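**Q** Quick one, fold the following:
(one chain, ligands or ions: 1)
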Amino acid sequence: MSEAFVHRPVLGREVVEFLTSVPAGTVIDATVGGGGHAGLLLDARPDLRVIGIDRDEAAIAASTVALARFGDRVRLVRAGFSEIADIAVIAKTTEISDHQGDIVGVLFDLGVSSPQLDRAERGFSYWSDAPLDMRMDARQDLTAAEVVNTYTEAELATVIAELGEERFARRVAAEIVRRRPLETTGDLVDAIKVGIPAAARRRGGHPARRTFQAIRMEVNRELPSLREGLDDSVHLLTPGGRVLVLAYHSLEDRIVKHRFADWSGTAPAPSTARRLPPAPQPAPLVRLLTRKPVRPGEAELVSNPRSSSVRLRAVERLA
Ligand SMILES: C[S@@+](CC[C@H](N)C(=O)[O-])C[C@H]1O[C@@H](n2cnc3c(N)ncnc32)[C@H](O)[C@@H]1O
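**A** From the prediction side, this is the model:
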């Protein structure tokens, strides 16, 4: 991996274990990042190939170097994973032997990578002063500056409340609007600090954490992309193939949990009027492999603090 892009794969052993029993074929790593998980998997399973997707140019550059030793077992594509259905066609067009075109796994390791957070100029971090950017894909128009400077106060409050789960969202939104135009992450941190009452500021980590998360998720359409990518992924899989998702906060994990319950037929049936017979349930698409999400062990929590909030869920496609 290039020195500038160091991201330690979270739950690496568990991810590989979940994919050891899949048939030979192609795994789509929908968030290839620095190629950490992809490299572990390609080492563990010589009969697998990987299509790696990432919308961040720096991630594609880093994984190109990190995965070069696997030659034509790897294809990397700079795109959003909401385009996964179109990208999966690559597996068929570059088929080498009979089964290599089968999609036998899809991995989503959500959120930001360590280098995205660590490089101040990307504007993701509240620890340094940088332009308000926060785009994972620098080709898109919407930036954090545009969100904070052009959304109405009500829109901002909704974003900060819903995506950041910030109790003081309305006060923070009002303070942002009062100080416009904001130019840097430092300007945004200052507005948030004034918006949050002093007593609350002293609790629960950095006061800007929740608002930064919210604006980042809005800029990158993280939840809509997740819904789109997930919904397509299950239909790409061959029987016995698996979808794995590593989610880092409750909003993402809730989406994954509900989708997996729907696909596996384990979601509670919607209440119907008493005399009506229950609506017929569609045949399950998958079986759940994780009734409860997998969490990191003590050793990983100590050695890689970024793993602390992760939840891994997995399903297997039925015939
Ligand atoms: C946590 S990192 C993945 C790290 C990777 N598993 C590894 O071991 O190196 C998440 C990556 O997903 C990418 N990403 C996030 N949302 C995406 C999306 N909707 N489409 C494509 N890539 C996305 C980010 O740019 C980032 O590089």
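**Q** Only C-alpha atoms from now on, for both contacts and neighbour counts.
**A** Will do.
**Q** Contact partners for the spatially closest residue to Val32 that is not a sequence neighbour?
**A** Spatially, and ignoring its direct neighbours in sequence, Val32 is nearest to Gly52 (5.1 Å; Cα to Cα, 6 or more residues apart in numbering). Gly52 makes contact with 28-32, 35, 38, 74-77, according to Cα atoms under 8 Å, 6 or more residues apart in numbering.
**Q** Could you rerun that using 6 Å?
**A** 28-30, 32, 76 (Cα atoms under 6 Å, 6 or more residues apart in numbering).
**Q** Serialize the residues you listed to CSV and add fields for pLDDT and distance to the ligand.
**A** Below are these laid out as CSV (pLDDT from 0 to 100; distance: Cα to the nearest ligand atom, whole Å):
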residue, pLDDT, distance to the ligand
Ile28, 98, 11
Asp29, 98, 8
Ala30, 98, 6
Val32, 97, 5
Leu76, 97, 11
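**Q** Among the residues you listed, name the ones in helices.
**A** Taking DSSP state H, every one of those sits outside helices.
**Q** are any of those residues buried, and which?
**A** Those of the contacts of Gly52 that meet the buried threshold are 28-30, 32, 76, by 16 or more other Cα atoms under 10 Å.
**Q** Can I get the contacts of Gly52 in TSV including distance to Ala62?
**A** Formatted as TSV, those follow (distance: Cα to Cα, whole Å):
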residue	distance to Ala62
Ile28	17
Asp29	15
Ala30	15
Val32	10
Leu76	11
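**Q** Give me the subset of those residues lying in strands.
**A** 28-29, 76 (DSSP state E).
**Q** Asp129: which of the buried ones among the contacts of Gly52 is nearest?
**A** Nearest to Asp129, judged by Cα to Cα, of these is Val32 at 27.9 Å.
**Q** which ones are touching the closest one?
**A** 52-54.
**Q** Among those residues, name the ones in strands.
**A** Filtering the contacts of Val32 for strands - DSSP E - leaves 52-54.
**Q** and which of the residues you listed is nearest to Val65?
**A** Nearest to Val65 among the ones in strands among the contacts of Val32 is Gly52, at 12.8 Å by Cα to Cα.
**Q** Tell me the secondary structure at Val245.
**A** strand (DSSP: H, G, I helix; E, B strand; the rest coil).
**Q** picking that back up, out of the contacts of Gly52, which comes closest to Ala91?
**A** Ile28 (9.2 Å).
**Q** doesn't Asp109 make contact with that closest one?
**A** No. If you go by Cα atoms under 6 Å, Ile28 and Asp109 don't touch, sitting 11.5 Å apart.
**Q** Is Pro115 within a helix or a strand, and which one?
**A** Here Pro115, judged by DSSP states H and E, is contained in helix 114-118.
**Q** Could you identify the helix or strand that succeeds that helix?
**A** The helix or strand immediately downstream of helix 114-118 is helix 144-150, counting by DSSP H and E.
**Q** buried residues in stretch 44-54?
**A** 48-54.
**Q** Which part of the stretch 151-300 of the chain gets nearest to the ligand, residue-wise?
**A** The ligand sits closest to Ser225 of the stretch 151-300 of the chain, with a gap of 5.2 Å, by Cα to the nearest ligand atom.
**Q** I'd say that residue and Glu83 touch.
**A** No. Look at Ser225 against Glu83 with Cα under 6 Å: they stay out of range, at 9.1 Å.
**Q** Wait, a helix at Ala267?
**A** No. Counting by three-state DSSP, Ala267 is not found in a helix; it is coil.
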